[in-house]
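# Test case, fold it:
(one chain, ligands or ions: 1)
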Amino acid sequence: MGKRNHSRSLAYRCQNAGRRRRFGTLLLVFCMIVAMLGSAADITVYAASTPVSKHGQLSVDGANLVDSKGKTFQLRGISTHGINWDVGAPYVNKKAFKTLRDEWGVNAIRLSMYTEDYNGYCSGGDQSELKSLIYKGVKYATELGMYVIIDWHILSDGNPNDNITEAKKFFTTMAKKYKNYKNVIFEICNEPNGCSWKTIKSYAKKIIKTIRKYDKDAVIIVGTPSWSQLGSDLTSNEVADSPITGYDNIMYSLHFYAAESAHSEYLPDKLKYAVKKGLPVIVSEFGLSAADGNGSIDKTSANKWFTLLNKYNISYFCWSLSNKNESSSLLKSTTKKTSGWTSSNLSTAGKYIKKKYLARKKALGSKA
Ligand code: IDC
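Got it, this is the predicted structure:
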C-alpha cells in the first residue's frame with residue numbers, strides 16, 4: 001500500500017514534472033514568437049514610417065533634391081531659434097523632435113548656431129557646449145529617422161570670410177564625425193549680407209573642399225547674397241547665373257518672410273528664374289512675420305508661397321521653434337512645455353504651420 005502510494009505519487013510527480021516541462025517549453029516558444037513578432041513589428045514600423053528609412057541618402061539632381069531612389073523629395077522642416085539662446089536650446093530634445101515628426105508632419109530639423117550674435121560660436125559662446133548640443137540634436141534626429149541641418153548661422157557677421165578659420169575647423173570636425181550618416185546636411189553660411197556673390201563663392205568653395213575631404217556626398221547648402229535672396233538686390237540673379245562648379249550635391253538658399261512685402265513681390269520671380277536655369281534652391285529658412293521676426297503674420301502671402309514651393313517640390317524650414325515673445329515663434333510665450341504641445345500651447349504661427357505641414361504630408365501620401 002505504502003509502496004503503491006509511493007509509486008503512484010512518483011508517477012504523479014513524474015507526470016507533473018512532464019506537464020511543467022511541456023508548459024515551460026510552450027512558454028518559451030510563446031515568448032520566442034512574441035519576441036520575433038515584436039522585433040519584426042519594430043523593423044516594420046521603422047522601415048515603414050521614418051523619413052530617413054524610407055528615403056535614405058539625399059542628393060541633388062538638376063534643380064531637384066532627390067531621395068536614394070532618385071525620386072523628387074521635399075523636406076518639411078522646422079528651424080530652432082539659436083541653440084546659443086535660452087529660447088532655443090531647450091527645444092533640442094528628442095521628445096520635441098518626435099512631437100514635430102509625429103504630430104506636425106515634419107521630417108527635418110535645422111539646428112541653428114549663431115556665429116556672432118548673442119554669445120555665438122565665434123563671439124564668446126562655449127564652443128564645446130555648443131558642439132555637444134549639436135551632437136545631441138543630430139543623435140535625436142538620427143534615432144527618429146529625421147533629416148537634420150547643421151547651420152552655421154552667420155548674421156551680423158555678414159561676410160562669411162570673417163570667421164572662415166573657425167568655420168574650417170568646425171566643418172572638419174562635423175564632416176569627420178558624420179561622414180557615414182545619411183541624414184546630415186551642412187549649411188555653411190546662413191545669410192551673407194553686405195558682400196558680393198564672388199566673395200561668398202570664394203568662402204563656399206573653401207568650405208565645400210574642407211567638407212568633401214571627409215564627407216563625399218552630404219548635401220551642402222550655400223547662403224546667397226543679401227540675406228539669402230539669390231542675388232545682391234531684389235531683382236538680380238547672380239547665383240543662378242553663376243553657380244559653383246566642380247562639386248555635386250550643392251544647394252543654394254532662398255529665405256523669405258511672408259509679411260515682408262518686398263520679399264513676396266520680388267522673390268517668387270527670382271525663384272522661378274532659378275528653377276528655369278536648373279539651380280537647386282532650398283528655403284532653409286522662412287517666417288510668417290516681417291523680416292525682424294516680429295509684427296503681424298501674413299497668412300495670405302504665406303499661402304501663396306506654399307503653393308509655389310509645393311509646385312516645385314522645394315524644401316522649406318520654418319523659423320522658429322521657440323517661445324520667445326515674437327510673432328515668428330511657433331510657441332506662445334507663456335508655453336513652458338518643451339515638447340508634446342497641444343493646440344493651446346501654439347502661437348498663431350505655430351497653429352498655421354502645423355496645419356499646413358500636415359496637409360502637405362497628406363497630399364503627398366506615400367511620397368512624403
Ligand atoms: C532673429 C530672431 C530674434 C533675434 C535676432 C537677432 O528671431 O529673436 O533677436 O534674430 O539674433 C533672419 C535670421 C534669423 C532672424 C530672423 C528674424 O536668419 O537669425 O532671427 N531672420 O529676424 N533672416 C531674416 C529674418
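# State whether residue 256 and residue 266 are indeed in contact, as I suppose.
No. With contact defined as Cβ atoms under 8 Å, residue 256 does not reach residue 266; the gap is 9.7 Å. Yep, even glycine has a C-beta here, placed from its N, CA and C like the rest.
# Can you tell me how far residue 352 is from the ligand?
Going from residue 352 to the ligand by Cβ to the nearest ligand atom, to the nearest Å gives 17 Å.
# what about that residue, which helix or strand?
Using DSSP states H and E, residue 352 sits in helix 348-364.
# any residues touching that helix, and which ones?
With contacts defined as Cβ atoms under 8 Å, 6 or more residues apart in numbering, helix 348-364 is touched by 74, 76, 78, 103-106, 287-289, 297, 299, 302, 306, 310, 318, 327-332, 341, 343, 346, 368.
# In terms of neighbours, single out the busier of residue 256 and residue 266.
Between residue 256 and residue 266, counted using other Cβ atoms under 10 Å, the more crowded position is residue 256 (27 against 16).
# Shouldn't the more buried one be within a strand?
Yes. Counting by DSSP: H, G, I helix; E, B strand; the rest coil, residue 256 is part of a strand.
# Relative to residue 163, how far out is it?
Distance of residue 256 to residue 163, computed by Cβ to Cβ, to the nearest Å: 25 Å.
# can you check residue 185 too?
Applying Cβ to Cβ, the value for residue 185 to residue 163 is 20 Å.
# Looking at these two, which is more packed in?
Using other Cβ under 10 Å, the more surrounded residue of residue 185 and residue 163 is residue 185, with 26 against 22.
# contacts for the helix or strand containing that one?
Assessed by DSSP H and E, residue 185 sits inside strand 184-187. With Cβ under 8 Å, 6+ apart as the test, strand 184-187 has contacts from 58, 108, 110, 138, 147-152, 171, 174-175, 178, 211, 215, 218-221, 223, 253, 284.
# got the CA coordinates for that strand in CSV?
What follows is strand 184-187, C-alpha atoms only, in CSV (Å, rounded to 0.1, in the frame of the first residue of the first chain):
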residue,chain,number,x,y,z
VAL,A,184,23.1,65.1,-42.1
ILE,A,185,23.1,68.3,-44.2
PHE,A,186,25.6,71.1,-43.8
GLU,A,187,24.5,74.8,-44.2
